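> just the structure for this:
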Amino acid sequence: MIMARRRIAASAGQSALAAMASGNGERADRATAVRYALEELGARAPGNSVEVRVPPLGVVQCIEGPRHTRGTPPNVVETDADTWLSLVTGGLSWTDAVAAGRVSASGQRADLSDVLPLFAAELP
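Residues are numbered from 1 along each chain as shown. Reported below is the predicted structural model:
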């Protein structure tokens, strides 16, 4: 499997996540943190069966399974930047986010509870 090249250095991504977690993050930090977390999800759960969208900041395809090639993907997760950052850092559980309507998840493979959070143990 060919992995996409990282665009955000781990140090920059971790710094942006820490800034957002501390409440001192700015708009650029939010964008960097979201994009870094999407890249990390793609690296930790490679595949093309689920498309995770955080408009307008980024999108990643992840999770092993049938490859999507045309039209709207059958497995889509979509959320806003703040919810995404809460999910990847463990501030919000997948179940609670879906129940509260903060995440739209469609398709049989669109449950990310097995891969989230990504960074909970790594943040201060």
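
> helix or strand: which one has Met20?
Met20 belongs to helix 10-22 when assigned by DSSP states H and E.

> what is the next helix or strand after that helix packed up against?
Beyond helix 10-22 on the C-terminal side, the first helix or strand identified by DSSP H and E is helix 27-44. Packing partners of helix 27-44 (3 or more Cβ pairs under 8 Å, 6 or more residues apart in numbering; DSSP states H and E): helix 10-22, strand 50-54, strand 58-62, helix 81-89. Placement of C-beta: from N, CA and C, glycine included.

> just the CA coordinates of helix 27-44, formatted as CSV?
Listed in CSV are the C-alpha atoms of helix 27-44, where the atom choice follows Å, rounded to 0.1, in the frame of the first residue of the first chain:
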residue,chain,number,x,y,z
ARG,A,27,-7.2,30.3,13.3
ALA,A,28,-4.0,29.0,11.8
ASP,A,29,-3.4,26.6,14.7
ARG,A,30,-7.0,25.2,14.2
ALA,A,31,-6.4,24.6,10.5
THR,A,32,-3.0,23.0,11.1
ALA,A,33,-4.3,20.8,14.0
VAL,A,34,-7.3,19.6,11.9
ARG,A,35,-5.2,18.8,8.9
TYR,A,36,-2.5,17.1,10.9
ALA,A,37,-5.1,14.9,12.7
LEU,A,38,-6.6,14.0,9.4
GLU,A,39,-3.2,13.0,8.1
GLU,A,40,-2.6,11.0,11.3
LEU,A,41,-5.9,9.2,10.9
GLY,A,42,-4.9,8.2,7.4
ALA,A,43,-1.5,7.0,8.6
ARG,A,44,-2.9,5.0,11.5
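
> buried residues in it, which are they?
In terms of neighbour count (16 or more other Cβ atoms under 10 Å), helix 27-44 has its buried residues at 29-42.

> quick one: average pLDDT of it?
Averaged across helix 27-44, the pLDDT comes to 96.

> let's have the chain start at 11 instead
In the new count, where the first residue is 11, that last one comes out as helix 37-54.

> quick one: low-confidence ranges for the protein?
Applying pLDDT under 70 to the chain flags the ranges 11-15, 78-81, 131-134.
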